[in-house]
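**Q** Here is my input, please return the structure:
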Amino acid sequence: MPKLKTNKAASKRYAYTAKGKVKRTSANSRHRLATKTKRQKMSRRSSAYADKTCEAGVKKLLPYGN
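**A** Predicted coordinates for the structure are as follows:
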């Protein structure tokens, strides 16, 4: 069986934690920041976890981790 290819776009957006959860960055943190409050911008700095419904799809795109 040949090796599977890692989806490079997904590898730049997602990462696995030690327990196997899928970690992602928060959305809406790149531009138009003048209209957002300080609290909104601060909460976007931290990473979040991908939803359980999306995890299976991400794991297909990243077969060997990152």
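**Q** show me where the protein has helices.
**A** Ranges of helices in the chain, per DSSP state H, are 8-13, 38-45, 52-61.
**Q** If you count contacts, what does the first one end up packed against?
**A** Here helix 8-13 touches helix 52-61, going by 3 or more Cβ pairs under 8 Å, 6 or more residues apart in numbering; DSSP states H and E. For every residue, glycine as well, the C-beta is placed using N, CA and C.
**Q** Quick check: the closest residue to residue 24 other than its chain neighbours vs residue 32, distance?
**A** Nearest residue to residue 24, sequence neighbours excluded (Cβ to Cβ, 6 or more residues apart in numbering): residue 50, at 5.0 Å. Computed with Cβ to Cβ, to the nearest Å, the distance linking residue 50 and residue 32 is 24 Å.
**Q** more neighbours, these two?
**A** Neighbours per residue, other Cβ atoms under 10 Å: of residue 50 and residue 32, the larger number sits with residue 50, 17 against 8.
**Q** shouldn't that one be in contact with residue 25?
**A** No. In this structure, residue 50 is not within contact of residue 25 by Cβ atoms under 8 Å, at 10.4 Å.
**Q** per-residue pLDDT, residue 27?
**A** Here, the pLDDT recorded for residue 27 equals 93.
**Q** Now do the residue most central in space within the chain, the pLDDT please.
**A** The geometric centre of the chain, computed from its C-alpha atoms, lies nearest to residue 24 (Cα atoms, centre = their mean), at 2.2 Å. Taken from the predicted model, the pLDDT recorded for residue 24 is 96.
**Q** before we move on, what about residue 66?
**A** Looking at residue 66, its pLDDT is 71.
**Q** do residue 1 as well
**A** The score at residue 1 is 88. That number is its pLDDT.
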